[in-house]
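**Student:** Coordinates only, no sequence provided:
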């Protein structure tokens, strides 16, 4: 049995999913769709998918799995358009980092007997320095040595989670389950905060009286701090991303302000010992994270025991029971 996986959104993540699934062509039909026709044509030439369908509705009508690899602020509108096109038993997965908000949209908009889970991927540490997010940066091994975080609302059948876990294995990622509320808070600090900090850092410098001369001295450190502003994904609104999880974003901004005030106070009070301690703690903590991230060498996560390991045939989840196709039921 061939399983159709439709990927909507052919940026770096969506196109890489297609490339990573290429070895599974005998049992998976890879269908791609992007609202940008130029991107669709580019990805079609890359051969990342078996078929590119330009009509959104037609792209999902026969899909067993639909993966939404699009910006968070586009998900609701896309769901509204495709909800009635999804066949009974279809599984919707999104790659967003706003699990609570997106989960509420899924519950509201999906018809009965359609299922969903969020699969939020990190990327291969070898590509962490790449800030561009278009299909040009897609790689078949983008998800290797990385984590794919899975979550779903209470009451979702366990097979939906197992299916997401199996897909993670096919992508080369290490899957684990996360509580949606906890995960959204972690995303606020690891994704949204760095972007907002970059914006604040730019504003804190370019609006100062001495910037006209100071800009000539700005070098690699300034570039690294501000480059996220240069490579914000096209069509993604940082404002909307921050507002989707307002409470967590405010909390992590406050944490940042407290950390900055600690450093400010140490400098103002000429407390060299305290300043040295704060800098050493940051340096050691960053080095520890970097080494773990590059080596994918993490402590054992107790929650991972709840998820079955990848390795089973993907088609098994569509042969009887929850994920039986419409034709099979007749």
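**Tutor:** That came through, no problem. Since the structure is predicted, the reported quantities are computational estimates derived from the model, not experimental observations. Numbering: from 1, shown residues only.
**Student:** show me what contacts residue 91?
**Tutor:** 64, 65, 66, 114, 115, 116, 117, 160, 163, 323 (Cβ atoms under 8 Å, 6 or more residues apart in numbering). Heads up, the C-betas are built off the backbone N, CA and C, glycines and all.
**Student:** Give me the phi and psi angles of it.
**Tutor:** Torsion angles at residue 91 (phi, psi; degrees, to the nearest 10) stand at phi -110, psi 130.
**Student:** circling back to that earlier point, of all the contacts of residue 91, which comes closest to residue 195?
**Tutor:** Minimum distance to residue 195 across those is 25.6 Å, recorded for residue 117 (Cβ to Cβ).
**Student:** Show the subsequent helix or strand relative to the helix or strand harbouring that closest one.
**Tutor:** Assigned by DSSP states H and E, residue 117 falls within strand 115-121. Later in the chain than strand 115-121, the nearest helix or strand by DSSP H and E is strand 147-151.
**Student:** What is that following strand packed up against?
**Tutor:** Applying 3 or more Cβ pairs under 8 Å, 6 or more residues apart in numbering; DSSP states H and E, one finds that strand 147-151 contacts strand 115-121, helix 158-171, strand 174-177, helix 180-187.
**Student:** Tell me where the stretch 1-150 of the chain is predicted with low confidence.
**Tutor:** 131 (pLDDT under 70).
**Student:** residues contacting the nearest residue to residue 109 once chain neighbours are set aside?
**Tutor:** Excluding the flanking residues, the one nearest residue 109 by Cβ to Cβ, 6 or more residues apart in numbering is residue 79, at 4.6 Å. Under the criterion of Cβ under 8 Å, 6+ apart, the neighbours of residue 79 are 68, 92, 105, 106, 109, 110.
**Student:** okay, now residue 211: neighbour count?
**Tutor:** Around residue 211 there are 12 other residues, counting by other Cβ atoms under 10 Å.
**Student:** Next up, the contacts around it.
**Tutor:** Residues in contact with residue 211 (Cβ under 8 Å, 6+ apart) are residue 205.
**Student:** Can you tell me how far it is from residue 203?
**Tutor:** In this view, residue 211 and residue 203 are 11 Å apart by Cβ to Cβ, to the nearest Å.
**Student:** next one: residue 259
**Tutor:** On the measure of Cβ to Cβ, residue 259 and residue 203 end up 19 Å apart.
**Student:** With neighbour count and distance to residue 88 added, can I get the contacts of residue 91 in TSV?
**Tutor:** Shown next, in TSV, are the contacts of residue 91 (neighbours: other Cβ atoms under 10 Å; distance: Cβ to Cβ, whole Å):
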residue	neighbour count	distance to residue 88
64	23	11
65	23	14
66	26	13
114	17	7
115	22	10
116	24	14
117	24	17
160	21	14
163	27	16
323	23	10
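**Student:** Export those residues as a markdown table, with columns for distance to residue 296.
**Tutor:** Listed next are the contacts of residue 91 as a markdown table, based on distance: Cβ to Cβ, whole Å:
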| residue | distance to residue 296 |
| --- | --- |
| 64 | 30 |
| 65 | 26 |
| 66 | 29 |
| 114 | 34 |
| 115 | 30 |
| 116 | 28 |
| 117 | 23 |
| 160 | 26 |
| 163 | 23 |
| 323 | 30 |
